[in-house]
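>>> this one's sequence-less:
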């Protein structure tokens, strides 16, 4: 069984790179309406940044950043955000996921853009939480991490 | 045995390359998938999306329109599938209390 040994070079590089990965992931999510990208891609990038810290700093330190118990609740919250957006459009008198009835902005196109952004945030949150949670569940029971 | 594996791999690669030669070129307007009417004489979806995406959804990015507007239900289902996969991993892989007591 391979045990965890802290390595200063790996630790420094991953600590340096991880915030930039998260920033690029946020760009991918928030600009996904007009450029390639969206919730799935951005969520995967955030999960990659979190798992990088988990691999380089050890599981104990990484629990301070994203505790193991958050995975399943945040994943469910992401699906609820998506479904809640659809439910809100129905309650506002439109069809399911017809974002233009939400009236988030004066322009129809901006209103749709914000509606799709809410949906993408839900997707990103769920993908991030579930990917990190799968990683944590695979590690669980291993006494050396 | 190893030689047989490589021969099978090479044959499969050859089959894939041969199949890819039959695909239409990217952006070919005469490709079957871009036709107004499909082979089964039903209206084609791709042509409709390309003509009406901007008008229907007031969004410039056609991929976003298809993902979140035309196929919003589909994306909701995909997200539910991901959550279900995570929940199943949680249920299968987590250590239960009894097991922990037995192992210790």
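Yep, it's here. These numbers come from a predicted model, not from an experiment.
>>> my guess is residue A:53 meets residue A:14, correct?
Yes: Residue A:53 sits in contact with residue A:14 when judged by C-beta atoms under 8 Å, with a separation of 6.3 Å. The way it works is simple: take the backbone N, C-alpha and C, and place the C-beta from them, glycine included.
>>> lowest-confidence helix or strand of the chain?
No chain in the question, so chain A it is. Between all helices and strands in chain A, the lowest mean by mean pLDDT, DSSP states H and E belongs to helix A:59-65, at a mean of 86.
>>> any low-confidence regions in chain B?
Along chain B, the model assigns pLDDT under 70 to residues B:96-104.
>>> residue A:132 and residue A:50, how far apart?
According to C-beta to C-beta, to the nearest Å, residue A:132 and residue A:50 sit 5 Å apart.
>>> need the overlap of contacts for these two.
residue A:66 (C-beta atoms under 8 Å, 6 or more residues apart in numbering or on different chains).
>>> who's more crowded, those two?
Between residue A:132 and residue A:50, residue A:132 has the larger neighbour count (other C-beta atoms under 10 Å in any protein chain shown), namely 26 against 22.
>>> name the SS class of that one, please.
helix (DSSP: H, G, I helix; E, B strand; the rest coil).
>>> and the pLDDT at it?
Turning to residue A:132, the model gives it a pLDDT of 93.
>>> ok, now the one 5 residues further on?
pLDDT, residue A:137: 88.
>>> which non-adjacent residue is nearest it?
residue B:93 (4.0 Å; C-beta to C-beta, 6 or more residues apart in numbering or on different chains).
>>> surely that neighbour meets residue A:140?
Yes: the pair residue B:93 and residue A:140 passes the contact test of C-beta under 8 Å, sitting 6.3 Å apart.
>>> quick revisit: which helices and strands sit right next to the least confident helix or strand of chain A?
helix A:39-57 (3 or more C-beta pairs under 8 Å, 6 or more residues apart in numbering or on different chains; DSSP states H and E).
>>> pull the contacting residues for the residue most central in space within chain B.
Centroid check for chain B by C-alpha atoms, centre = their mean gives residue B:78 as the closest residue, at 10.4 Å. Residues in contact with residue B:78, defined by C-beta under 8 Å, 6+ apart, are residue A:40.
>>> just the buried residues of the strand or helix carrying it, please?
When elements are assigned from DSSP states H and E, residue B:78 belongs to helix B:72-93. Residues of helix B:72-93 classed as buried by neighbour count (16 or more other C-beta atoms under 10 Å in any protein chain shown): B:72, B:75-76, B:78-79, B:82-83, B:86-87, B:89-90.
>>> now do stretch A:67-85: distance to the chain's middle.
Relative to the centre of its chain, stretch A:67-85 is centred 10 Å away, using C-alpha atoms, centre = their mean, to the nearest Å.
>>> that older thread, right, and the helix or strand after the least confident helix or strand of chain A?
helix A:71-91.
>>> quick one: the helices in chain B?
Taking DSSP state H as the test, the helices found in chain B are B:2-21, B:45-57, B:62-64, B:72-93, B:97-103.
>>> domain map for chain B?
B:25-70, B:72-104 (automatic domain parsing).
>>> ok now the shortest one, how far from the chain's centre?
Spelled out, it's domain B:72-104. On C-alpha atoms, centre = their mean, the centre of domain B:72-104 falls 23 Å from that of its chain.
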